[in-house]
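Colleague: Sharing a model that was predicted from the sequence below.
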Amino acid sequence: MAPKIAVFASGSGSNFQALHNAIEAQKLNAELVVMVTDKPEAFVVERANKVGVEALAFSPKTYDTKAAYEQAVIAALQQRGVEWIVLAGYMRLVSEVLLQAYPNRIVNIHPSLLPSFPGKDAIGQAIAHGVKVTGVTVHYVDEGMDTGPIIAQRAVNIIEGDVEATEAAIHRVEHELYTEALNQILK
Ligand code: GRF
């Protein structure tokens, strides 16, 4: 049976879309049972609705604590038999509550060659620093900001003077590399 995954996203959801497409095309052996967002207004909700993946939108502010928010998420995941959590533009640090419920079962994608340029706007950070090569990293999640053990990386050249083209190139690599890395670990 294909491993059951939940994709967590806070924004546009192009990585959610790519993972869904890879599963449909039988390039990724997984069942995407639910998309979880902490931003009910995010475009990823529309994407999930359009492709018929259940979208669960949480408003973390309505919980007294981060732990209470994550407990509610965990309960929803467990009800659905989710085995792996795939973070794809989920703009929130996960706490030990979620980590303990899914030990070594939470992965993330980040648009740089970690440990360079962790945190927000990694592509902008790389361009501002003047590096010629950046890339994409898929890694296990721990309590730090983009710090867990690395699963896969791929380099992408910075296209000088063209931020948009550089971003597009990085996103294209993200969409391929996440599927490859997940196939490697979801065994
Ligand atoms: C991606 O660049 C991902 O690496 C980062 O956030 C971005 C999300 O993009 N963590 P999208 O919402 O999947 O389009």
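Modeller: Now that the structure is in, tell me what you want to look at.
Colleague: can you pull the contacts of the residue in the chain positioned nearest to the ligand?
Modeller: Ranking the residues of the chain by distance to the ligand (Cβ to the nearest ligand atom) places Gly89 first, at 2.6 Å. The C-beta positions use only the backbone N, C-alpha and C, and glycine is treated the same way. Residues in contact with Gly89 (Cβ atoms under 8 Å, 6 or more residues apart in numbering) are 9-16, 44, 109.
Colleague: Which residues of the protein lie near the ligand?
Modeller: 9, 11-15, 88-89, 109-111, 174 (Cβ under 6 Å from any ligand atom).
Colleague: Out of those, list just those in strands.
Modeller: 9, 109-110 (DSSP state E).
Colleague: Mind putting those residues into a markdown table with pLDDT and neighbour count?
Modeller: Formatted as a markdown table, those follow (pLDDT from 0 to 100; neighbours: other Cβ atoms under 10 Å):
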| residue | pLDDT | neighbour count |
| --- | --- | --- |
| Ala9 | 98 | 29 |
| Ile109 | 98 | 25 |
| His110 | 98 | 22 |
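Colleague: of the contacts of Gly89, buried ones?
Modeller: Applying 16 or more other Cβ atoms under 10 Å to the contacts of Gly89, the neighbour count classes 9-16, 44, 109 as buried.
Colleague: which ones among the residues you listed are found in helices?
Modeller: 14-16, 44 (DSSP state H).
Colleague: I'd like the distance between Val141 and Ala22.
Modeller: Relative to Ala22, Val141 is positioned 21 Å away (Cβ to Cβ, to the nearest Å).
Colleague: Please read the previous query as pertaining to Ala101.
Modeller: Taken as Cβ to Cβ, the span from Ala101 to Ala22 is 26 Å.
Colleague: now Thr37, nearest residue through space, not along the chain?
Modeller: The shortest distance from Thr37 to any non-neighbouring residue, by Cβ to Cβ, 6 or more residues apart in numbering, is to Ala57 (5.2 Å).
Colleague: ok, that neighbour - contacts?
Modeller: Ala57 neighbours (Cβ under 8 Å, 6+ apart): 37-40, 45.
Colleague: tell me the SS of Val36?
Modeller: strand (DSSP: H, G, I helix; E, B strand; the rest coil).
Colleague: Hmm, Ile5 and it touching each other?
Modeller: No. Val36 is beyond contact range of Ile5, at 10.8 Å (criterion: Cβ atoms under 8 Å).
Colleague: Tell me how many other residues surround the nearest residue in space to Pro3 that is not next to it in sequence.
Modeller: Excluding the flanking residues, the one nearest Pro3 by Cβ to Cβ, 6+ apart is Leu186, at 4.7 Å. Residues lying near Leu186 (other Cβ atoms under 10 Å) number 18.
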